[in-house]
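> pasting the sequence and the predicted model now:
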Amino acid sequence: MTASPLARPTGRVARMKAPFATRLRRRRILVAYTFMLPSLVVLGVFMFYPLIRAAVLSFTNYSVFGAVKYVGLANYTTLLQSHQFWGDLVNTVYYAGVTTPVSVALALGLALLLNRRGLPGRGVLRAAIFLPAVVSLAVAAIPFRLMFTPSIGLITYWLGLIGVHSTDWLDSTTLAMPAVIIVGIWKDVGFYMVIYLAGLQTIPPEFYEAARIDGASAWQRFRNVTWPLLSNTTMFVTIIALIASFQAFDQIFVMTQGGPAFSTETLVMLIYRTGFQNFQMGYASAIGYVLVLIILLFSLFQMRYFNRRAIRY
Amino acid sequence: MPSVTESVATAGTGLPLQARPARPRARRRRILGTGWALAVGIAAALVIVFPLVWMFTTSIKPESEIISAHPGLFSATVTGSNYVQAWQAIDFPRLFMNTVIFAGGVTLLSLTFDSLTAYALARLDFPGKNVIFVLVLITLMLPFQVNLVPLFLLLTKLHWVNTYQGLILPRATNAFGIFFLRQFFLSIPKELEDAARVDGASDFKIYRSIVLRMSVPALLTLGLFHFMYNWNDLLWPLIVSTNSSMYTLSSGLALFLGQHVIQYGLIMAGSVLAIVPMVIAFLLIQRRFVESIATSGLR
Amino acid sequence: MRLRLIGASLAAATTLGLVAAGCSSGGSSSSSGSSGSSSSSGHVTLTYWNGFTGPDEPAVKALVNKFNATHKNITIKMTIMPWDVFYEKLLPAYAANNGPDIVAMDTQQLPQYAAKNVFAPLTSYYSNSANNTSSLVSAATDATKVKGTQYAVPANFAPLMLYWNKTLFSKAGLSGPPTNWAQWQSDAVKLSKGGASPQYGIALAENNTIAMWPILLWENGGGVTNSDATKSMLSDPGTISAVDQWSKLVIKDGIAPKNITGAEADSLFTAQKAAMEMNGPWATTGYQTAKVDFGLAPIPAGPKKSVTLADVVGMSVNAKDSSAQQAAAETFFTWWNTASSQTYYAIHTGFVPTNTAVTAAELKANPDVADFQSVSSSAQAYELGTQYTNVETNTWEPAIEKILQGSPVNSTLSAANTQVNGYLGG
């Protein structure tokens, strides 16, 4: 790699280093912040302002309408002692713990599959697998509900024809969560696959050719060329998948509403319930922040893991 | 078309390689591998696409046959009445226009702002860089429901409720987009940029002429994602609009979900109508993907 | 270079600013606290939010348009949205002083909003004989009261009846619908078949549905709470016995699926996989289109009572509305409940007219409505006061779900009882 020209010492630069470097540094900072200005303004106004407001509200008994009273840490202590909160936290971790690795692995597998040169109908297959990402999840959950209801559902009817008795997954406290997990994976796998495809496209084919000439097998090519060069993409996909799975809401709302008996209720559903059905917005904001903290911890952990293995040019 | 290896190996000399006798075996293995890949690919695609196929076949069934004791994928009667009714019931053209303005506006603004920010985070060095990156990520982590009420109150104060700017501007930049492009920019080789910098090009010029041009597949992908996500967004337009003439397509579809009765045929027909532009967009982008890589100067 | 970069971002920021200051395409807000308006010429505009989506929408729209056409001084701007979105936006809109002038809302949700004083009390409306409120169905006007004060005017009224599938009944050798619990329970068992494609005697839904289980509790002398929602009745012997009987039938004899929503219950009945269902009048059109040969019967008489449940949606007025706006709103309420408007509404949506002056003969175009009208007098609304969500969604429904999954009836109900009393007492 060529070294940065600024690192090459010349007599004149070395003598001018101090004031020149400071001016340069200041200019660099100005340029950087100017680049980021539009985003920072929008994020500041429409994300951070409400975010901070919600944080402040979490220390109050805000209920959207009516007098607001500061209650200190009461919301937080209540939720930490709430049986409902801990149960929902377990559900959330269960959901995220299954959905994230499975979606990411499947997406990578499908991307590798559909990136092969000479695979006929690649475009059509990619479009088909991507299609669930194009539909709104709230609408897509309707056919899932209907197809899997025993007696009238298409899938259960066909299974019945071959003598397989299906139970209504959404009825049972043990099977309802796997059902919403399946729908969650179904929705996002194509989306992550396309991101992986974009990443795969940037790997120069020369590396593969070089590996092939060296006699590397398909697995070795994957492990030594593909996987390392995909590390930035993988980090991105796993973090996005993790964050998305912690925030799963749409299909749970449509399919089970958190039931039966709260077995599929995640923290986001709890926030919705306490905030929009009970109007305890202060309490809901507190739960929201605890959730953010949890996601942040998981994400930072993941980023540290990937940063150690990152390829930087 | 001969592979790179083959043409390189025989170029210039015209003489056959020692490897040549092995080629038929290698080709057979390749065809078998491709066959397997195709089978798995088709199976995966069928399984994944099935609920959507159900949506389509339901949309062309008369409402009376959708729920039945003997459900079938197809029914003897095919009808377009669900489509006609859906079209009329929700003032389709108007909602379509709203959706295009909303999704299109967000996509254009977002691609611009996200790429500018991502470039700064990926290539420029400045104090507070990591802090800003983490802050951006945090906005991704906060559940929408927590932000909703304060955001709605803010929009009301700005008198932006039920307006296009209220719909678009809060989404004009996106942590997902920033994160995505940052990762992408990080993985581009730096040589061209360093060379340009030596030549005295400004950061903005480097950004515009080099980095953006090398990132076309990523920008297309991200543009598609933004467009698609906002095209399908049900809740946000419903929250911001107080007038059904400002609704978008997906939000309009929610009106077929009655309190007691779900009009399955209508909602499926409406959904199909809403998906079709997205599928077309995706198929178009697909091809541009390949073209842009083939013509990018680096290979 | 540097200047161009700064110039570019300044341009972006200016655009943002210009757009911010600039055009809007219909935004509305006023400092008066309502989003409607009234001009000096006497013309009043009222914004009206409701959740009348689905098949009810055309009829509601037609009526509002007719009102606007016949009342030159009043314009009603109606926005229909799905009910969940409606409930999400309503309070924030009122909190931002930008709420609608009129809303239509399920009377079960009314107490919470009345407690926050967002709606104007309608005592004077009801005492004014010109408004003809005495001709309204009494179960409906009872449901619109919160702690004795009127906060809403009925918009629609829907009692539940027993839908029964004539084809499935005759196949099982049963001649007619059950008229008491003994027949009801034995019929349900006879009509249930297990197997790969089960058939159910009754499609009993317990979440996201019009309330069905409470009817069973009431008919046995029990209930979820007492009539003014101050005390839980979940540990009453009547309640326990009802839950015990029916849950055993579900679990052991499979007379109903275990945890289904109202929509699924409807689907089962449409597909003729359930022989009975307690449902409201909105379902008749769908079942007819699906060619289900169904009959309508009153809910079979219980051991202690013969009662059915009524679902009432009421219209309320923004407390911050000016007197001109409130007067206009009241004109609309009265017009909505006239015999002619209600006849149109009933025929096109299947709901029972709120106006008792409408005779069965006038409802000939939709004969099922007359059936529903005949049970109006035995209908009572399912009211849980301001703690509706806590009692219904957070306690009662999970309790039934657990019981149907096998939890013991006594202990589950007793725990729920304590929880409900906790909500009601506090």
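That came through, no problem. Numbering: from 1, shown residues only, chains lettered A, B, ... in the order given.
> residues in contact with the nearest residue to residue A:249 once chain neighbours are set aside?
In this structure, residue A:249 finds its nearest non-sequential neighbour in residue A:268, 4.8 Å apart by Cβ to Cβ, 6 or more residues apart in numbering or on different chains. C-beta coordinates here come from the backbone N, C-alpha and C atoms, glycine included. For residue A:268, the contacting residues are A:92, A:246-249, A:291, B:143, B:145, by Cβ atoms under 8 Å, 6 or more residues apart in numbering or on different chains.
> quick one, grab the pLDDT at residue A:105.
Among the per-residue scores, residue A:105 shows a pLDDT of 95.
> that one in helix, strand or coil?
Under the three-state scheme (DSSP: H, G, I helix; E, B strand; the rest coil), the conformation of residue A:105 reads as helix.
> what of the one 3 residues further on?
Counting by three-state DSSP, the backbone at residue A:108 sits in helix.
> briefly note if stretch C:248-262 comes near chain A.
Yes. Residues of stretch C:248-262 are located near chain A by Cβ under 8 Å from any Cβ of the partner chain, namely C:257-260.
> return the helix or strand in chain C with minimum mean pLDDT.
Of all the helices and strands that make up chain C, helix C:2-21 has the lowest average by mean pLDDT, DSSP states H and E, namely a mean of 39.
> identify the residue of chain C closest to chain A, quick one.
When Cβ to the nearest Cβ is the measure, chain C has its nearest residue to chain A at residue C:196, with 3.7 Å between them.
> thought that residue was touching residue A:163?
Yes. Distance between residue C:196 and residue A:163: 6.3 Å, which falls inside the contact criterion (Cβ atoms under 8 Å).
> would you mind listing what in the stretch 51-200 of chain A touches chain C?
With Cβ under 8 Å from any Cβ as the criterion, the stretch 51-200 of chain A comes near chain C at residues A:64-66, A:145-146, A:149-152, A:156-157, A:159-160, A:163-166, A:168, A:170-173.
> the residues you listed, buried ones only, as a PyMOL selection?
Buried residues within those, as defined by 16 or more other Cβ atoms under 10 Å in any protein chain shown, are selected in PyMOL through the command that follows:
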select buried, chain A and resi 64+65+145+146+149+150+151+152+156+157+159+160+166+168+170+171+172+173
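> in strands, which of the residues of the stretch 51-200 of chain A next to chain C appear?
Cross-referencing these with the strands (criterion: DSSP state E) gives no overlap at all.
> the closest residue in space to residue A:75 that isn't next to it in sequence and chain C, how far apart?
Nearest non-adjacent residue to residue A:75, counting by Cβ to Cβ, 6+ apart: residue A:286, 3.8 Å away. When Cβ to the nearest Cβ, to the nearest Å is applied, the distance between residue A:286 and chain C equals 18 Å.
> count of neighbours near residue A:286?
Other residues near residue A:286 come to 30 when the count uses other Cβ atoms under 10 Å in any protein chain shown.
> now do the contacts for it.
With contact set as Cβ under 8 Å, 6+ apart, residue A:286 has these partners: A:58-59, A:75-76, A:79.
> what residues does residue C:242 make contact with?
With contacts taken as Cβ under 8 Å, 6+ apart, residue C:242 has the following neighbours: C:216-217, C:219-220, C:222.
> with pLDDT, secondary structure and distance to residue C:283 as added columns, please give the residues you listed in JSON lines.
As requested, the contacts of residue C:242 are arranged in JSON lines below (pLDDT from 0 to 100; DSSP: H, G, I helix; E, B strand; the rest coil; distance: Cβ to Cβ, whole Å):
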{"residue": "C:216", "pLDDT": "95", "secondary structure": "helix", "distance to residue C:283": "19"}
{"residue": "C:217", "pLDDT": "95", "secondary structure": "helix", "distance to residue C:283": "23"}
{"residue": "C:219", "pLDDT": "95", "secondary structure": "helix", "distance to residue C:283": "21"}
{"residue": "C:220", "pLDDT": "94", "secondary structure": "coil", "distance to residue C:283": "25"}
{"residue": "C:222", "pLDDT": "92", "secondary structure": "coil", "distance to residue C:283": "27"}
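> pull the distance from stretch A:90-100 to the chain's centre.
Taking Cα atoms, centre = their mean, to the nearest Å, one finds the center of stretch A:90-100 at 12 Å from the center of the full chain.
> which regions of chain C lie under the pLDDT threshold?
Counting by pLDDT under 70, the ranges of chain C that qualify are C:1-40, C:426.
> now do the domain split for it, please.
Structurally, chain C divides into domains by automatic domain parsing as follows: C:37-156+C:313-366, C:161-310+C:383-425.
> which of the residues in stretch A:46-57 are buried?
If you call a residue buried by 16+ other Cβ under 10 Å, then stretch A:46-57 has these buried ones: A:46-48, A:50-51, A:53-55, A:57.
> switch those residues over to TSV; also include secondary structure.
What follows is the buried residues of stretch A:46-57, written out as TSV (three-state DSSP):
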residue	secondary structure
A:46	helix
A:47	helix
A:48	helix
A:50	helix
A:51	helix
A:53	helix
A:54	helix
A:55	helix
A:57	helix
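> residue of the stretch 101-250 of chain A closest to chain C, please.
When Cβ to the nearest Cβ is the measure, the stretch 101-250 of chain A has its nearest residue to chain C at residue A:160, with 3.7 Å between them.
> now for that residue: which residues touch it?
Residue A:160 makes contacts with A:150, A:166, C:196-197, as judged by Cβ under 8 Å, 6+ apart.
> what residues are up against the residue of chain C closest to chain A?
When contacts are taken as Cβ under 8 Å, 6+ apart, residue C:196 is in contact with A:159-160, A:163-166.
> nearest to residue C:133, of these?
Closest to residue C:133 out of the contacts of residue C:196 is residue A:166 (52.3 Å), distances taken as Cβ to Cβ.
> that closest one against residue A:157, yeah?
No. With contact defined as Cβ under 8 Å, residue A:166 and residue A:157 do not form a contacting pair (9.2 Å).
> where along the stretch 201-313 of chain A do the helices fall?
Along the stretch 201-313 of chain A, counting by DSSP state H, counting those that start in this stretch, helices occupy A:205-213, A:218-221, A:227-229, A:231-246, A:250-255, A:267-272, A:281-307.
> out of those, nearest to residue B:51?
Of those, the one closest to residue B:51 (Cβ to Cβ) turns out to be helix A:250-255, at 11.5 Å.
> quick check on residue C:56: phi, psi?
Backbone torsions for residue C:56, taken as degrees, to the nearest 10, come to phi -80, psi -20.
> that one contacts residue C:285, doesn't it?
No. In this structure, residue C:56 is not within contact of residue C:285 by Cβ under 8 Å, at 10.6 Å.
> more crowded one of those two?
residue C:56 (24 against 17).
> neighbours of the spatially closest residue to that one that is not a sequence neighbour, just the number please.
With Cβ to Cβ, 6+ apart as the measure, residue C:349 is the residue that lies nearest to residue C:56, at 5.0 Å, once sequence neighbours are left out. Neighbour count for residue C:349, taken as other Cβ under 10 Å: 24.
> okay, residue C:349 and residue B:261: tell me how far apart.
In this structure, residue C:349 lies at 10 Å from residue B:261, with Cβ to Cβ, to the nearest Å as the measure.
> which residues are common contacts for those two?
Between them, residue C:349 and residue B:261 share the neighbouring residues C:55, C:282, with contact defined by Cβ under 8 Å, 6+ apart.
> could you check the pLDDT of the most centrally placed residue in chain B?
Against the mean C-alpha coordinate of chain B, by Cα atoms, centre = their mean, the closest residue is residue B:225 at 2.4 Å. Reading off the per-residue confidence, residue B:225 sits at a pLDDT of 86.
> let me know the secondary structure of it.
Judged by three-state DSSP, the three-state class of residue B:225 is helix.
> you'd agree it is up against residue A:188?
No. Residue B:225 is beyond contact range of residue A:188, at 11.7 Å (criterion: Cβ under 8 Å).
> please list all residues in contact with residue C:269.
Residue C:269 is in contact with C:163, C:165, C:203, C:277, C:279, C:283, C:287, C:292, C:294, counting by Cβ under 8 Å, 6+ apart.
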